[in-house]
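Student: Mind looking at a prediction? Sequence and model below.
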Amino acid sequence: MMMGSESRLEHQTFKIKQLVEDYRSGRIVIPEFQREYVWAKSRAPQLIDSLYRGFPISSFLLWQSDEETRARRREPRPTRAAMMNWLIDGQQRIITLSRTMNGDEGIDVVFHPDQEEFRLENAATRMDNNWVRVCELWDDERYRHLRRELDGSSNADRREAQFEKVRKILSYEIPIVRMVNHSFDAAVKAFKRINTLGVRLKQEDIESAQVAARHSGFVADRVTPFLSKLRQHGFTRLNVMHLFRACAFVAHPDGRNRTPLHELERREVLSAWKETERATDQAIGLIRSELGLVNMDILWSGSLLVPIIALCATLSPRKLDSKELVAWLALAALCHRYRASVETVLDQDLRACRAGDPVGTLLANLRNARSLTAKAKDFSGAIMDRSGLLALYIACMNRGILDFYTGGKVLLQDNVDRHHILPRAQFSENERRRADNIANMAFITGSINKSLSYIGPEVYIAKIKPRILKSQCIPTDRSLWRVEKADSFWRRRRELLAESFNEYVRAALPHRHL
């Protein structure tokens, strides 16, 4: 910040085309303390439609500064200038507009001139020539070619008028508020207080901003690449907050109170983060090994991994019992641990990680909430209940889960489907939702799943070997393999699932009080 200069706000307007060009050229830069791009792709057509209809959208906030600050994204590369324009509010919109202009990264918006409707491109729009890509309308050369293809009819004239209206979006003027001569801390505070088009900042966004503000370069150079690596390998449940909680524990494993990373010295944070990365990889490895999980999206919350990461970081390999840790995770998921009051519950469990017998203390925390023995009712939830799905998988895994027709071992990965044992299509339309429950789910390959949808269960189940049915905790009583016996079938399967789940836990925790 220029010394002796009074801080002020400047107001002006930028055309969308200029804003996007400035972002792409690096004249407008996203600071490190900003959140990642979080908008759902489906919001892009909504934004373009609002601009097309001339609806007002909120202003962009820029922070003009000569302070040394790291960019959140490596591309586009920031320009070298005495005064930089850092984007405090408007990131989601400017990235959406930039990607729409290119038609890339999964945001390819198309326009129907007769219906005046915007959508994301899909197989249906690609088959219909009436849908035109917005990126082609916004590109001068491609638009000239498109105009030459219009046949000159009255319908063509009307279409051209609609196309021109889409092109005018690039001239839409957005109000800009520029913070001039404000401090870095003021910019971070402004970011924390702003909502972008109704998307309220999450605690992880605020924590990330505070850490980036205190430790420049740490989030961009260390945290973001590691999170990207995890997501590429299918670990989408872990977010910044989970890793920061584990890292804070690693930095002060003996401390009674949690100290946020932005209150620690840089050397402490860097040292703890290095160990957190190693421990995270180790925790994921042992969970994969014990449960045979290839895709870990079935873990409904990354919070379940935080205590395991903390223990992998602070205990010697000799003291780590992977079977006990994964059994605790299975029970924590069954008990819906971290469903509410996440910070308070995590504090309790991280304190348990400091105890002389951490696993025993973690189990005691669970036992204070409920019995650690699975009941049949624990498998009565809907298929969206990820805690129930994990318990279902563990119960079947304990029986050596096998594929219906190949007889091969099932690993939970992208090509494995959750199959309705009593096919949904066999129920009357009013009853089909009842079929969407945990006790009606089995794990099979996707190609087989589709082929079974319209075959009666009494027909296809009879062709499956009994040992395979038992491997998925499916009742072998033939009288239950009928849609009209659904309630009895599900009741019996819940009993079998609870029995197998409890066997797994008892085998993994033979000397523990459950």
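Tutor: Right, received. Where do you want to start?

Student: can you map out the strands along the stretch 151-300 of the chain?
Tutor: Assigned by DSSP state E, counting those that start in this stretch, the strands in the stretch 151-300 of the chain fall at 173-180.

Student: Which parts of it are helices?
Tutor: 154-167, 184-193, 203-214, 218, 224-232, 240-251, 266-291 (DSSP state H, counting those that start in this stretch).

Student: State the distance from residue 502 to residue 290.
Tutor: Using Cβ to Cβ, to the nearest Å, residue 502 is found at 17 Å from residue 290. C-beta here means a position set from N, CA and C on the backbone, and glycine is covered the same way.

Student: typo on my end, it should be residue 469
Tutor: Counting by Cβ to Cβ, the gap from residue 469 to residue 290 is 24 Å.

Student: mind listing what residue 283 touches?
Tutor: Shown in contact with residue 283 (Cβ atoms under 8 Å, 6 or more residues apart in numbering): 305, 308-309, 312.

Student: I'd like the helices of the stretch 151-300 of the chain as CSV, with mean pLDDT and distance to residue 86 appended.
Tutor: Listed next are those as CSV, based on pLDDT from 0 to 100; distance: least, Cβ to Cβ, whole Å:
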stretch, mean pLDDT, distance to residue 86
helix 154-167, 88, 30
helix 184-193, 72, 7
helix 203-214, 66, 12
helix 218, 86, 17
helix 224-232, 88, 17
helix 240-251, 91, 20
helix 266-291, 93, 21
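
Student: Serialize these to CSV and add fields for distance to residue 410.
Tutor: As requested, the helices of the stretch 151-300 of the chain are exported to CSV (distance: least, Cβ to Cβ, whole Å):
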stretch, distance to residue 410
helix 154-167, 49
helix 184-193, 46
helix 203-214, 34
helix 218, 41
helix 224-232, 23
helix 240-251, 28
helix 266-291, 12
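
Student: Pick the most deeply packed of the ones you listed.
Tutor: helix 240-251 (a mean of 24; mean count of other Cβ atoms under 10 Å).

Student: Apart from its chain neighbours, what residue comes closest to the residue nearest to the spatial centre of the chain?
Tutor: Computing the C-alpha centroid of the chain and ranking residues by Cα atoms, centre = their mean puts residue 236 first, at 4.9 Å. Excluding its sequence neighbours, the residue lying closest to residue 236 (Cβ to Cβ, 6 or more residues apart in numbering) is residue 297, at 6.2 Å.

Student: Contact partners for that neighbour?
Tutor: 234, 236-237.

Student: could I get the contacts of residue 283 as a markdown table with secondary structure, pLDDT and neighbour count?
Tutor: Shown next, in a markdown table, are the contacts of residue 283 (DSSP: H, G, I helix; E, B strand; the rest coil; pLDDT from 0 to 100; neighbours: other Cβ atoms under 10 Å):
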| residue | secondary structure | pLDDT | neighbour count |
| --- | --- | --- | --- |
| 305 | helix | 95 | 24 |
| 308 | helix | 97 | 26 |
| 309 | helix | 97 | 29 |
| 312 | helix | 97 | 26 |
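
Student: for these, which one is nearest residue 484?
Tutor: residue 305 (42.9 Å; Cβ to Cβ).

Student: Report the residue ranges of every domain in the chain.
Tutor: 8-99+171-196, 109-167, 218-372, 377-508 (automatic domain parsing).

Student: quick one: the last one to chain centroid distance?
Tutor: Distance of domain 377-508 from its chain centroid, counting by Cα atoms, centre = their mean, to the nearest Å, is 27 Å.

Student: That one spans what distance, first to last residue?
Tutor: 22 Å (Cα to Cα, to the nearest Å).

Student: Now do that domain, average pLDDT.
Tutor: The pLDDT scores in domain 377-508 average 88.

Student: Also stretch 99-114?
Tutor: 89.

Student: contact partners of it?
Tutor: So stretch 99-114 is in contact with 20, 41, 44-45, 48, 96, 117-121, 125, 130-138, 158-159, 162-163, 166, going by Cβ under 8 Å, 6+ apart.

Student: In CSV, list the C-alpha atoms belonging to stretch 101-121.
Tutor: Presented in CSV, the C-alpha positions along stretch 101-121 are these (Å, rounded to 0.1, in the frame of the first residue of the first chain):
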residue,chain,number,x,y,z
MET,A,101,-16.4,-17.6,-24.0
ASN,A,102,-14.1,-20.5,-24.8
GLY,A,103,-16.7,-23.2,-24.5
ASP,A,104,-14.3,-25.3,-22.4
GLU,A,105,-13.8,-27.0,-19.1
GLY,A,106,-17.3,-28.5,-19.2
ILE,A,107,-19.0,-25.1,-19.6
ASP,A,108,-20.3,-25.0,-23.2
VAL,A,109,-23.5,-22.9,-23.2
VAL,A,110,-25.8,-23.2,-26.2
PHE,A,111,-28.7,-20.9,-27.3
HIS,A,112,-32.0,-21.6,-29.1
PRO,A,113,-33.0,-18.4,-30.9
ASP,A,114,-36.6,-19.4,-31.4
GLN,A,115,-37.2,-20.3,-27.8
GLU,A,116,-34.7,-17.7,-26.5
GLU,A,117,-33.4,-20.3,-24.1
PHE,A,118,-29.8,-21.1,-22.8
ARG,A,119,-28.7,-24.6,-21.7
LEU,A,120,-25.5,-26.5,-21.2
GLU,A,121,-24.6,-28.4,-24.3
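
Student: Just give me how far it sits from the chain centre.
Tutor: With Cα atoms, centre = their mean as the basis, stretch 101-121 stands 25 Å off its chain's centre.

Student: for it, which positions count as buried?
Tutor: Counting neighbours by 16 or more other Cβ atoms under 10 Å, one finds that the buried residues in stretch 101-121 are 101, 103, 107-113, 118-121.

Student: Columns distance to residue 171 on top of those, output as a markdown table?
Tutor: Listed next are the buried residues of stretch 101-121 as a markdown table, based on distance: Cβ to Cβ, whole Å:
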| residue | distance to residue 171 |
| --- | --- |
| 101 | 14 |
| 103 | 20 |
| 107 | 21 |
| 108 | 22 |
| 109 | 18 |
| 110 | 21 |
| 111 | 17 |
| 112 | 22 |
| 113 | 19 |
| 118 | 18 |
| 119 | 23 |
| 120 | 24 |
| 121 | 24 |
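
Student: So which of the residues you listed is the closest to residue 377?
Tutor: Looking across the buried residues of stretch 101-121 and measuring by Cβ to Cβ, the closest to residue 377 is residue 120, at 41.1 Å.

Student: Report the beta-bridge partners for that closest one.
Tutor: Listed beta-bridge partners, residue 120: residue 109 (assigned using DSSP bridges).

Student: was I right about it contacting residue 44?
Tutor: Yes. The pair residue 120 / residue 44 is scored as a contact, 6.7 Å apart, by Cβ atoms under 8 Å.

Student: how about the strands of the stretch 351-500 of the chain, start to end?
Tutor: 416-420, 441-445.

Student: As TSV, these with distance to residue 475 and mean neighbour count would be great.
Tutor: Below are the strands of the stretch 351-500 of the chain laid out as TSV (distance: least, Cβ to Cβ, whole Å; neighbours: other Cβ atoms under 10 Å):
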stretch	distance to residue 475	mean neighbour count
strand 416-420	15	19
strand 441-445	12	22
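
Student: SS state for residue 10?
Tutor: strand (DSSP: H, G, I helix; E, B strand; the rest coil).

Student: How about it: what's its closest non-neighbour residue?
Tutor: residue 178 (4.3 Å).
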